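Q: sequence and computational prediction follow.
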Amino acid sequence: MNHETESFEPEPEGPSKSEVKREMLALQKLGERLVALSPKRWEEFSFGPQMMEALRESRRIKSHNAMRRHYRRLGKLLRNEDAELVRNLFQRMDDEHFQDTRRFHRLEQWRERLLADGDEALQALLEQCPGADRQRLRQMIRDGRREREQERPPVVQRRLFRYLRELEL
């Protein structure tokens, strides 16, 4: 066999099988996340009628295996949709969730600080939120501490948290 006369076929251009498979799995994951959303949120994505029908159909599926097959179908349908738009909207939702979680933790820290440090923490809070009701906060702090000492359910502590949330810290 002469190597000089042998001609090699150039490799076809385009994505490899592995890349195609990774993309399909990513689209299936997007489909799973879409199914987990409420139908009202689906409207934000501006999907075509076929995709919307498939999403509505997902609400009727009860079998685990049928749902796995349905995720594959959603992945195929997503190829015809703007998958980048879907990813961007999910990124925005994830960012919003992250911000909500951070705010929740910040409010919890303020509540704990108020209950632990009392007047010192209250003064710091009032500097940040001058419109806050000092009298109401003092009463909630006092009642919240008593609640903890007596090991009662945290009714007042929850009320304090809700008030802090209203202050929009």
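A: Yes, it's here. Numbering: from 1, shown residues only.
Q: quick one, domains of this protein?
A: Annotated domains of the chain cover 17-82, 97-166 [automatic domain parsing].
Q: can you put those in TSV and add mean pLDDT?
A: Written out in TSV, the entries for the domains of the chain read as follows (pLDDT from 0 to 100):
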stretch	mean pLDDT
domain 17-82	88
domain 97-166	93
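Q: okay, these in TSV with distance to residue 88 and mean neighbour count next?
A: Every C-beta, even on glycine, is put in place using the N, C-alpha and C of the backbone. Compiled in TSV, the domains of the chain are given as follows (distance: least, CB to CB, whole Å; neighbours: other CB atoms under 10 Å):
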stretch	distance to residue 88	mean neighbour count
domain 17-82	9	14
domain 97-166	15	14
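Q: now for those, which one comes closest to residue 90?
A: Checking the domains of the chain against residue 90 by CB to CB gives domain 17-82 as the closest, at 6.1 Å.
Q: counting by contacts, list what the host helix or strand of residue 22 packs against.
A: In this structure, residue 22 is located in helix 17-36 according to DSSP states H and E. Secondary-structure packing of helix 17-36 (3 or more CB pairs under 8 Å, 6 or more residues apart in numbering; DSSP states H and E): helix 49-58, helix 64-78, helix 83-117.
Q: for the closest residue to residue 61 other than its chain neighbours, what are its contacts?
A: The shortest distance from residue 61 to any residue that is not its chain neighbour, by CB to CB, 6 or more residues apart in numbering, is 5.1 Å, and that residue is residue 67. When the contact criterion is CB atoms under 8 Å, 6 or more residues apart in numbering, the partners of residue 67 are 35, 58, 61.
Q: and which of those residues is nearest residue 112?
A: For the contacts of residue 67, the residue nearest residue 112 by CB to CB is residue 35; the value is 37.6 Å.
Q: which residues does the closest one contact?
A: For residue 35, the residues meeting the contact criterion (CB under 8 Å, 6+ apart) are 55, 58, 67, 70-71, 74.
Q: tell me how far it lies from residue 16.
A: In this view, residue 35 and residue 16 are 29 Å apart by CB to CB, to the nearest Å.
Q: could you do residue 41 as well?
A: Between residue 41 and residue 16 the computed distance is 34 Å (CB to CB).
Q: before we move on, back to that, kindly indicate which of the contacts of residue 67 lies nearest residue 98.
A: Scanning the contacts of residue 67 for proximity to residue 98, where the rule is CB to CB, the winner is residue 35, at 21.9 Å.
Q: picking up where we left off before, now the contacts of residue 35 in JSON lines, with distance to residue 128?
A: Conversion of the contacts of residue 35 to JSON lines gives the following (distance: CB to CB, whole Å):
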{"residue": "55", "distance to residue 128": "44"}
{"residue": "58", "distance to residue 128": "46"}
{"residue": "67", "distance to residue 128": "48"}
{"residue": "70", "distance to residue 128": "50"}
{"residue": "71", "distance to residue 128": "47"}
{"residue": "74", "distance to residue 128": "46"}
